[in-house]
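Q: take a look and give me a structure for this.
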Amino acid sequence: MKTVDKLTKAIRDVSDFPKKGIIFKDITTVLQDPKCFKQAVDLLYKRCKGKKIDYVVCVEARGFIFGSALAYKLNAGLVLIRKKGKLPYKTHSVTYALEYGKDTLEIHQDSIKANGRVLIIDDLLATGGTIQAVCKLLNKCKARIVGIGFFIELLFLKGRKKLQKYPVTSIVKF
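A: Below is the predicted model:
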């Protein structure tokens, strides 16, 4: 069985979470299995090595897991994107629309040097709204986005369309 197939089988579906009608893709089953977690990180690494990445930017909270492992393997800095009020220093912020409301993401103003080469990592690509907001934050930092990577992509939500101007990769597709 192929590695991607094994990883796909390791992801647990949780019905009606966080609300009725949603099937949540639970990656904790992948993370708790050392072999699966290593394979997931290694596959993401293979797709982004050689891009001369200065910073891996990851999104709260599950993106931190894959982002930190990749930053280590790539010998790159790690930059955290957090929800409003969670970062202790001066921040850039962007507010974006959710299905039922709004949310705000922040980045430290001094976290990326101008023209720094950035790889964005998150656990899952759904509608693309969160990563679109992250791209706006990185533009405020004058960063160069060289790629965006996800462990899971929900193809039926067509989030990749919002990110067309960037190279996007994902490992497991539903």
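Q: and the pLDDT for Lys19?
A: Among the per-residue scores, Lys19 shows a pLDDT of 89.
Q: and it, how many neighbours?
A: Close neighbours of Lys19, defined as other CB atoms under 10 Å, add up to 9. In this view, the C-beta of every residue, glycine as well, is placed from N, C-alpha and C.
Q: next one: Ala143
A: Burial of Ala143, expressed as a neighbour count using other CB under 10 Å, amounts to 24.
Q: repeat for Thr104
A: Applying other CB under 10 Å, I find that Thr104 has 14 neighbouring residues.
Q: cool, Gly147 as well?
A: 17.
Q: ok so it is a strand residue?
A: Yes - under the criterion used here (DSSP: H, G, I helix; E, B strand; the rest coil), Gly147 sits inside a strand.
Q: just to check, it is in contact with Lys165?
A: No - using CB atoms under 8 Å as the test, Gly147 is too far from Lys165 to be in contact (11.8 Å).
Q: please name the bridge partners of the residue nearest to the spatial centre of the chain.
A: Averaging the C-alpha coordinates of the chain gives a centre point, and the residue nearest to it by CA atoms, centre = their mean is Asp122 (1.3 Å). Taking DSSP bridges as the rule, Asp122 bridges to Phe150.
Q: and Lys83, by the same measure?
A: Beta bridges link Lys83 to Leu105, judged by DSSP bridges.
Q: can you pull out the helices in the chain?
A: Across the chain, reading from the start of the chain, the helices by DSSP state H fall at 3-10, 28-31, 34-48, 62-74, 129-140.
Q: mind putting those helices into TSV with mean neighbour count and mean pLDDT?
A: Listed next are those as TSV, based on neighbours: other CB atoms under 10 Å; pLDDT from 0 to 100:
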stretch	mean neighbour count	mean pLDDT
helix 3-10	16	97
helix 28-31	16	98
helix 34-48	17	97
helix 62-74	20	98
helix 129-140	20	97
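Q: which of those sits closest to Pro18?
A: With CB to CB as the measure, helix 62-74 is the member of the helices of the chain nearest Pro18 (13.5 Å).
Q: wait, isn't Val41 in contact with Leu70?
A: Yes - counting by CB under 8 Å, Leu70 is a contact partner of Val41 at 6.6 Å.
Q: who touches stretch 17-31?
A: 7, 10-16, 36-37, 40, 62, 65, 123-124, 151-152, 154, 174 (CB atoms under 8 Å, 6 or more residues apart in numbering).
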